[in-house]
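Visitor: What follows is a predicted structure for the sequence shown.
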Amino acid sequence: MAGPAATLGAARRDAARALPLIAWLNLVQLVTSLGLPVFMLGIFDIVLAAFSMPAAYWLLLAIAIVFVLQGVSEAIRALALQAAAARLACRLEAPALAATARLGGSPQPLRDLETLRQFVASPAAATLLDVLWAPGFLIVLLVLHP
C-alpha cells in the first residue's frame, strides 16, 4: 500500500487534470466580464453622441450574446470543479476511512475530506485563478478608456 504522501500526490494529480479547462473557462469569464464596460462605453460614445438607434440595437444584441456566453461558461466551470472535487474525494476516501479506524472511530478525517471536497467544488477555488488574470484585465480596461 502506498504511503500517505504518495496517495495525496496521486489524488492531487488526478484532480488537477481539470485545471487547464477551469483556467480557460476563467479566461472566458474574464473576457465576458469586459462586456458590460464596453457596452456602456458604446452607449455613451456611439449611441448618445450620434443618436443612433441601430447602433443601440446591435449593442443590445452583442451584450445579450456575451451574457449567454458568460452563463454557459460559468455552468461548465462549476461542473468541472464539481468533477475535480468528486475525483479528489474518491481517491482520498479509502485513506480517510482507514484513518477513522486508526483513530478509534473518530469522524474527523471524513469531515476534513468533506471540507476539502466542498472547497474544491466551490467558486472560491476558481477565484484563486481569477487573481492570476486580474492584472491583464486592468490593463485592458486602461487601454479601452484611459
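Guide: Now that the structure is in, tell me what you want to look at. Residues are numbered from 1 along each chain as shown.
Visitor: I'd like the average pLDDT over the host helix or strand of Leu60.
Guide: Following DSSP states H and E, one finds Leu60 within helix 53-102. The average pLDDT for helix 53-102 rounds to 89.
Visitor: Quickly find the element holding the residue nearest in space to the middle of the chain.
Guide: The centre of the chain sits closest to Ala126, judged by CA atoms, centre = their mean, with a distance of 3.6 Å. Using DSSP H and E, Ala126 maps to helix 123-144.
Visitor: Show me what that helix is packed against.
Guide: helix 19-33, helix 35-42, helix 53-102 (3 or more CB pairs under 8 Å, 6 or more residues apart in numbering; DSSP states H and E). For the C-beta atoms, the positions are set from N, CA and C on the backbone; glycine is no exception.
Visitor: Can you check what angle separates the second one from helix 123-144?
Guide: Our comparison of helix 35-42 with helix 123-144, counting by axes from the mean of the first three to the mean of the last three CA atoms, to 10 degrees, yields an angle of 20 degrees.
Visitor: Now tell me what touches helix 35-42 from outside.
Guide: Ala55, Leu59, Ala62, Ile63, Val66, Phe67, Gln70, Leu141, Leu144, His145 (CB atoms under 8 Å, 6 or more residues apart in numbering).
Visitor: Mind listing what's buried along that helix?
Guide: Going by neighbour count (16 or more other CB atoms under 10 Å), the buried part of helix 35-42 is Gly35, Val38, Phe39, Gly42.
Visitor: I'd like the distance between Ile43 and Ile63.
Guide: Counting by CB to CB, to the nearest Å, the separation of Ile43 from Ile63 is 10 Å.
Visitor: before we move on, what about Leu30?
Guide: If you go by CB to CB, the gap between Leu30 and Ile63 works out to 16 Å.
Visitor: Val120 contacts Ala86, doesn't it?
Guide: No: Val120 lies out of contact with Ala86 (CB atoms under 8 Å); the separation is 9.0 Å.
Visitor: So which of these two has more stuff around it?
Guide: Set Val120 next to Ala86 and count neighbours by other CB atoms under 10 Å: Val120 wins out with 21 against 14.
Visitor: With adjacent residues omitted, what lies nearest to the more buried one?
Guide: Among residues not flanking Val120 along the chain, Ala85 sits closest, at 3.9 Å (CB to CB, 6 or more residues apart in numbering).
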